[in-house]
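**Student:** What follows is a predicted protein model with its sequence.
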There are 2 protein chains.
Amino acid sequence: MSKDAHLELYAFWRTASTHRVRIALNFKGLGARERFINLETGEQRTPGFLAVNPAGMIPALVDEGHPPLTQSLAILEFLEEKVPTPPLLPSDLHGRARVRSIASMLATDTNPLLTRQVKKYLTSTGGFDETAWQAWMIHWLTFNLETIEQRLATESQTGKFCHGDTPTIADIYLVSIAFIAKAVNVEIKGIPTIDRIIEQCAALDEFARAHPLLQEGAPSN
Amino acid sequence: MSKDAHLELYAFWRTASTHRVRIALNFKGLGARERFINLETGEQRTPGFLAVNPAGMIPALVDEGHPPLTQSLAILEFLEEKVPTPPLLPSDLHGRARVRSIASMLATDTNPLLTRQVKKYLTSTGGFDETAWQAWMIHWLTFNLETIEQRLATESQTGKFCHGDTPTIADIYLVSIAFIAKAVNVEIKGIPTIDRIIEQCAALDEFARAHPLLQEGAPSN
């Protein structure tokens, strides 16, 4: 895959998983043509998109001539292996495991509980009203971000970013989840290390250009 | 880490995430001394274990002289990088992305919705009774396993196992989730490819020895 490769990213402006892939593409210097999938109108369940991803989920990254790549975690690892520079994982095994562990605390313990699909189930079948849904989101965001704060604040490998002084996939995950928290008006106090890292990230062009509110379909206000 | 390395695995017999690490350790020929953490009595929230993993979650793998490794996905990638043979990921980039994508459909879309913590929230704060919890589990297991079945049944890379004719981390995830489904009496029909792969895995010693019911603390009946 060269920088001129024909890449297409099936995307929705707001989705955290797409947000992460956009950041990684920016770091790797890869441009991808975005194909807007309107989750508000259920476009992800149309035959056209189900042919790309039978799970009906975005993102899907199409590298011309290959089957669509799905699942943001798999896509980030793919981009890291395909375009190793600049690295988004440290070079030492234990460091890589730490970065993947922090990313995974967000990828598996946090984000899956906050999805559109889960909201749909809880508010239709599960008997949740908007207040109960908000409390659910606050619960998982708070517990997980506080736990990550505790790690970041106490582990010696933390630097300007989650791991050392250059961004890794852990920072990419953190930024994407912090955006969810902000979007749903959940403010978590007492996570100064995370707040500081988010601010460092926001100052970098690769993160800034990937901001959901700058993408096609985003509200202008 | 040699095969004689001093490894300790903080574990509970039933947990899917621990199950996965046990299988990977078996493939890599690594023995780990298990430290039983009794989730039934809340041992994961005691100061002793929180010092190992502030998230209060198992598994945690301690490789002597290094900070504890947490999050099963990160641990599996660590073991794969540390002991490359036999490989649990294919050698080609697109194949690796496919295996990670299938694993991630289970790691992020399925397993996080079925945890003890989620059950606790839904049945205490969320107003779910046992029937509602069972329906929730059936919903996510069915949707995700049917979607994976569709991929496995139609994608040309599927072989004896999820990807080709040797086991990968996708199979490890699949077996661990299939065990959850069985343990909670959720029987999903119409997933013949998955059923066949699970059977192939069960016949392998590395999977068989890792079976939750063979571990310390498991019920004998």
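**Tutor:** Right, received. Where do you want to start? Numbering: from 1, shown residues only, chains lettered A, B, ... in the order given.
**Student:** Could you report the separation of the closest residue to residue A:111 other than its chain neighbours from residue A:203?
**Tutor:** Distance criterion Cβ to Cβ, 6 or more residues apart in numbering or on different chains; nearest residue to residue A:111, sequence neighbours excluded, is residue A:16 at 5.9 Å. C-beta: built from backbone N, CA, C; applies to glycine. According to Cβ to Cβ, to the nearest Å, residue A:16 stands 20 Å off from residue A:203.
**Student:** With neighbour numbers in mind, choose between these two.
**Tutor:** residue A:16 (22 against 8; other Cβ atoms under 10 Å in any protein chain shown).
**Student:** top helix in chain A by residue count?
**Tutor:** Longest helix of chain A, by residue count under DSSP state H: helix A:130-154.
**Student:** Next SSE downstream of that helix?
**Tutor:** Where DSSP states H and E defines the elements, the next helix or strand beyond helix A:130-154 is helix A:169-183.
**Student:** Next, the angle helix A:130-154 makes with that following helix.
**Tutor:** 150 degrees (axes from the mean of the first three to the mean of the last three Cα atoms, to 10 degrees).
**Student:** Which elements pack onto helix A:169-183?
**Tutor:** Helix A:169-183 sits against helix A:16-27, helix A:72-82, helix A:93-107, helix A:130-154, helix A:192-202, with contacts defined as 3 or more Cβ pairs under 8 Å, 6 or more residues apart in numbering or on different chains; DSSP states H and E.
**Student:** ok, and the closest non-adjacent residue to residue A:151?
**Tutor:** residue B:54 (6.1 Å).
**Student:** how many other residues sit next to that neighbour?
**Tutor:** 18.
**Student:** Next one, pLDDT for it please.
**Tutor:** What the model reports for residue B:54 is a pLDDT of 88.
**Student:** With the one 5 residues further on instead?
**Tutor:** On pLDDT, residue B:59 comes in at 96.
**Student:** Skipping adjacent residues, who's closest to it in space?
**Tutor:** residue B:18 (4.4 Å).
**Student:** Could you check how many residues crowd around that neighbour?
**Tutor:** 26.
**Student:** That one contacts residue B:24, doesn't it?
**Tutor:** No - if you go by Cβ atoms under 8 Å, residue B:18 and residue B:24 don't touch, sitting 10.9 Å apart.
**Student:** Look at the residue of chain A most remote from its centre and tell me its secondary structure.
**Tutor:** Distance from the centre of chain A peaks at residue A:127, with 28.3 Å (Cα atoms, centre = their mean). Taken by DSSP: H, G, I helix; E, B strand; the rest coil, the conformation at residue A:127 corresponds to coil.
**Student:** give me phi/psi at residue A:90?
**Tutor:** When quoted as degrees, to the nearest 10, the phi and psi of residue A:90 stand at phi -70, psi 170.
**Student:** ok, now which ones touch it?
**Tutor:** Contacts for residue A:90 were tallied using Cβ atoms under 8 Å, 6 or more residues apart in numbering or on different chains; they are A:96, A:98, A:99, A:163, A:164, A:168.
**Student:** what do you get if the cut-off is 7 Å, keeping everything else the same?
**Tutor:** A:96, A:99, A:163, A:164, A:168 (Cβ atoms under 7 Å, 6 or more residues apart in numbering or on different chains).
**Student:** still on that earlier bit, per-residue confidence at the residue nearest to residue B:59?
**Tutor:** 96.
**Student:** cool, the one 4 residues further on as well?
**Tutor:** Here, the pLDDT recorded for residue B:22 equals 97.
**Student:** Please report the distance of the residue lying closest to it once chain neighbours are set aside from residue B:179.
**Tutor:** Distances taken as Cβ to Cβ, 6+ apart put residue B:210 closest to residue B:22, at 3.8 Å, once the chain neighbours are dropped. Per Cβ to Cβ, residue B:210 is found 10 Å from residue B:179.
**Student:** what do those two both touch?
**Tutor:** Common neighbours of residue B:210 and residue B:179 (Cβ under 7 Å, 6+ apart) are residue B:19.
**Student:** Between these two, which has more neighbouring residues?
**Tutor:** Legend: neighbour count by other Cβ under 10 Å for residue B:210 and residue B:179, higher for residue B:210 (24 against 18).
**Student:** Doesn't that one lie inside a helix?
**Tutor:** No - under three-state DSSP, residue B:210 sits outside any helix and is assigned coil.
**Student:** Surely it touches residue B:26?
**Tutor:** Yes - at 5.7 Å, residue B:210 and residue B:26 qualify as touching, with contact defined as Cβ atoms under 7 Å.
**Student:** what residues does chain A put near chain B?
**Tutor:** Residues of chain A lying close to chain B by Cβ under 7 Å from any Cβ of the partner chain are A:54-55, A:66-67, A:69-71, A:73-74, A:77-78, A:81-82, A:93-94, A:96-97, A:100-101, A:104-105, A:107-109, A:112-113, A:121, A:126-127, A:139, A:147, A:150-151, A:155.
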